[in-house]
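In: Next input, structure requested:
(2 chains)
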Amino acid sequence: MTDTVDKAPAPSVPPEQIKAIPVRHYGRWVAGAAVIAIVVLIVIAFSNANINYDIIPDYVTDATILSGAWHTLYISVLAMLLGLVLGVILAVMRMSSNPVTSTVAWFYVWFFRGTPVLVQLLLWYNLSLVFPVLNLGFYKDEMNQVMTPFLAALLGLGLNEAAYMSEIVRAGIQSVDVGQTEASHALGMTQGKTLRRVILPQAMRVIVPPTGNEFINMLKTSSLAYAVQFNELIKRAQDVSSTSLAVVEMYFVASIWYLLLTSVFSVGQYYLERRYARGSTHSLPPTPLQRLRKNLRAFTSFRRPEVTR
Amino acid sequence: MTDIVKDMAKSAGGHPMVRAEGVHKSFGLAHILKGIDLEVNPREVFCLIGPSGSGKSTFLRCINHLEKISAGRLWVDGELVGYRQKGDKLYELKEKEVAAQRRDIGMVFQRFNLFPHMTALENVMEAPVQVKRESKAVARERAQRLLDRVGLGDRTGHYPAQLSGGQQQRVAIARALAMEPKLMLFDEPTSALDPELVGEVLDVMRDLAESGMTMIVVTHEMGFAREVGDSLVFMDGGVVVEAGHPREVLTNPQHERTKSFLSKVL
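Out: Reported below is the predicted structural model:
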């Protein structure tokens, strides 16, 4: 900002930069020392435990474990996609002025959110108890043949996710100013066009963060699919441990993969959020790297006084 | 605008651009409009003034069916707004038919309501491409021309958040004009602006009036109403209290209510 208190412009002499001694943050050093002490204690405790750590690295890239990680990844992605698409449809139905569709959506969310996902998985897997034969007119087969572990896992996880996603999408849609709808309608856009072109792109800013959360949850919730014989990570880890007899160690191996997958998708989510921040702020939020650098600077500011604007 | 031009326009089209007959509007128990009768002629700048809550914005929103009227009749360019009459029965129009009616009516809002995820140029292009199925090249060319016209030809790539209030409102006017409307509605277009930015928006509106656009303007800018307006209506409590030529109504109000309102705002 320019200073206009005095008439004289006087730009020739730059103002003297303030060189004050910064506030000492002793608390940071105390807290840092405490954290290090606790971490050391935990590491010592775990290293003395009766766990055979040496075999863990060998099994991280074991073929059975790898195939489990792959199954976990793709069932999570597919179930999430199903949940997302169905969730948008349910959200729109819920907000519809048609009382039938909004009631149907309400009951869907009520039921699928209100019952354990494990029960839903088992119900899909045992659907032949209700419908022994699947007859679609053009296609007819034994339900037991149709309902593979994959299909049961996909339907169980995906339809459950849709209930949660519909609430997230609804919150996103409702977060968009009603003036946006009015402006679109005044321009002659229909309800559907308004939703696609104007409302949903803006709702994404609200939808993406909790959806990333949901996906990371899904990566781990997919472990419940072991109950329907789907070969995901936990089931594969158990398969391996039944021969290697290293039970806890295999859960550690699985956890390493879960951590790896969730880390990768956390980064992806961050960049997706930046994509949908377009036009909403003057400058985009910093990337994780930029933030890390800034935090490091803030921490070291104890020694090196930093002059901010 | 001269009366001769108005008469010519009237005799050419044969009917007013907007005609309201006994228009009522209620929100639940709140009776906002209590029988509005008025006519807006083609090429006319029609100003609506009145205290807040008098129903002037509500009436404006009825004209493009953002609000459904509860009683009476409302025509735009000879066409009933939001309904179809067959014999003595009224049928509600389908969503697509309402949207088609709105295409020809531009609207500018108090709070701009630009699409924040689109640049100024994309805002202006959106409706012609999506509603009229115009090619992007044609729409872009017109959008550029319209932004030039409102003095923002060098701001086409800016997002609304990067523009001042006055600039945003000018983009909003360009966006409405992109649909080549036969009628423009302005809902307090300068009320959300810093005082120093009001002028640039009024200049664009004045320019638009001179080009012969039919405009209905809800405003608190009495100077604009006096200089640019052809007709002026003072509303209060959901009824038209006084109507006439802006200069007459503003300088020589007949009704007590008009006098007391004008004494506060002038």
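
In: Would you map the helices across the stretch 51-200 of chain B?
Out: B:56-63, B:95-103, B:120-130, B:136-149, B:165-177, B:195-210 (DSSP state H, counting those that start in this stretch).

In: Mind giving me the packing neighbours of the last one?
Out: Applying 3 or more C-beta pairs under 8 Å, 6 or more residues apart in numbering or on different chains; DSSP states H and E, one finds that helix B:195-210 makes contact with helix B:165-177, strand B:214-218, helix B:222-228. Where you see a C-beta, it was placed from the backbone N, CA and C, and this is true even at glycine.

In: let's see it at 6 Å
Out: Where contact means 3 or more C-beta pairs under 6 Å, 6 or more residues apart in numbering or on different chains; DSSP states H and E, helix B:195-210 is packed against helix B:165-177, helix B:222-228.

In: I'd like the average pLDDT over that helix.
Out: Mean pLDDT, helix B:195-210: 95.

In: before we move on, the earlier item: deepest-packed of the helices of the stretch 51-200 of chain B, please.
Out: Stretch with highest mean neighbour count among the helices of the stretch 51-200 of chain B: helix B:165-177 (a mean of 26; mean count of other C-beta atoms under 10 Å in any protein chain shown).

In: Low-confidence ranges, chain A, go.
Out: A:1-11, A:278-286, A:288, A:298-309 (pLDDT under 70).

In: so which of the helices of the stretch 51-200 of chain B gets nearest residue A:40?
Out: Among the helices of the stretch 51-200 of chain B, the nearest to residue A:40 by C-beta to C-beta is helix B:120-130 (56.2 Å).

In: Residue A:176: neighbour count?
Out: 19 (other C-beta atoms under 10 Å in any protein chain shown).

In: Identify the residues contacting it.
Out: Residues in contact with residue A:176 (C-beta atoms under 6 Å, 6 or more residues apart in numbering or on different chains) are A:199, A:202, A:203.

In: What helix or strand is residue B:38 located in?
Out: strand B:30-40 (DSSP states H and E).

In: would a markdown table of the helices of the stretch 51-200 of chain B with distance to residue A:55 be doable?
Out: Formatted as a markdown table, the helices of the stretch 51-200 of chain B follow (distance: least, C-beta to C-beta, whole Å):
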| stretch | distance to residue A:55 |
| --- | --- |
| helix B:56-63 | 72 |
| helix B:95-103 | 65 |
| helix B:120-130 | 58 |
| helix B:136-149 | 61 |
| helix B:165-177 | 64 |
| helix B:195-210 | 71 |
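
In: wait, which of the ones you listed is closest to residue B:87?
Out: helix B:95-103 (18.7 Å).

In: helices or strands next to the closest one in the packing?
Out: For helix B:95-103, not one helix or strand is in contact under the criterion 3+ C-beta pairs under 6 Å, 6+ apart.

In: Could you write out the alpha-carbon coordinates of that helix in PDB?
Out: Taking Å, rounded to 0.1, in the frame of the first residue of the first chain, the C-alpha atoms of helix B:95-103 are listed here in PDB:
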ATOM      1  CA  GLU B  95     -40.400 -26.000 -17.000                       C
ATOM      2  CA  LYS B  96     -39.000 -25.900 -20.500                       C
ATOM      3  CA  GLU B  97     -41.700 -23.500 -21.700                       C
ATOM      4  CA  VAL B  98     -41.000 -21.200 -18.700                       C
ATOM      5  CA  ALA B  99     -37.300 -21.300 -19.500                       C
ATOM      6  CA  ALA B 100     -38.100 -20.400 -23.100                       C
ATOM      7  CA  GLN B 101     -40.100 -17.300 -22.000                       C
ATOM      8  CA  ARG B 102     -37.200 -16.200 -19.700                       C
ATOM      9  CA  ARG B 103     -34.700 -16.300 -22.600                       C
END
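
In: Is it correct that residue B:111 is in contact with residue B:191?
Out: No. Contact criterion C-beta atoms under 6 Å: residue B:111 and residue B:191 do not qualify, at 8.9 Å.

In: Now do the same for the closest residue to residue A:211 other than its chain neighbours: helix, strand or coil?
Out: Nearest in space to residue A:211, with sequence neighbours left out and distances taken as C-beta to C-beta, 6 or more residues apart in numbering or on different chains, is residue A:168 at 6.1 Å. Classification of residue A:168 using DSSP: H, G, I helix; E, B strand; the rest coil returns helix.

In: Could you give the number of residues near residue A:168?
Out: Applying other C-beta under 10 Å, we find 23 residues neighbouring residue A:168.

In: Spell out which parts of the stretch 101-250 of chain B neighbour chain A.
Out: B:102, B:103, B:107, B:111, B:113, B:115, B:116, B:117, B:127, B:130, B:131, B:159 (C-beta under 6 Å from any C-beta of the partner chain).

In: Pull the number of nearby residues for the residue nearest to residue B:182 when sequence neighbours are not counted.
Out: Distances taken as C-beta to C-beta, 6+ apart put residue B:104 closest to residue B:182, at 5.1 Å, once the chain neighbours are dropped. Using other C-beta under 10 Å, the number of residues around residue B:104 comes to 16.

In: For beta bridges, what are the partners of residue B:75?
Out: Listed by DSSP bridges, the beta-bridge partners for residue B:75 are residue B:19, residue B:80.

In: That one touches residue B:19, doesn't it?
Out: Yes. Counting by C-beta under 6 Å, residue B:75 touches residue B:19, with 4.5 Å between them.

In: Quick check: neighbours shared by these two?
Out: Listed contacts common to residue B:75 and residue B:19 are nil; contacts here mean C-beta under 6 Å, 6+ apart.

In: how close does residue B:14 get to residue A:229?
Out: 78 Å (C-beta to C-beta, to the nearest Å).

In: Mind checking which residue lies nearest the centre of chain B?
Out: A centroid search over chain B (C-alpha atoms, centre = their mean) returns residue B:185, at 0.9 Å, as the residue closest to the centre.

In: Checking residue A:97 next. Helix, strand or coil?
Out: Bear in mind the rule, three-state DSSP; under it residue A:97 is coil.

In: got a markdown table for the helices and strands packed on helix B:195-210, with mean pLDDT too?
Out: Converted to a markdown table, the helices and strands packed on helix B:195-210 look like this (pLDDT from 0 to 100):
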| stretch | mean pLDDT |
| --- | --- |
| helix B:165-177 | 97 |
| helix B:222-228 | 94 |
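
In: Closest to chain B out of the contacts of residue A:176?
Out: Using C-beta to the nearest C-beta, residue A:202 comes nearest to chain B of the contacts of residue A:176, at 5.7 Å.

In: re earlier: what residues does the closest residue to the residue nearest to the centre of chain B other than its chain neighbours make contact with?
Out: Sequence neighbours aside, residue B:107 is the residue nearest to residue B:185 in space, at 4.5 Å (criterion: C-beta to C-beta, 6+ apart). Taking C-beta under 6 Å, 6+ apart, we find residue B:107 in contact with A:186, B:64, B:185.

In: in the sheet, who's paired with the residue nearest to the centre of chain B?
Out: Under DSSP bridges, the beta-bridge partners of residue B:185 are residue B:107, residue B:216.

In: Distance-wise, check it relative to residue B:191.
Out: Taking C-beta to C-beta, one finds residue B:185 at 15 Å from residue B:191.
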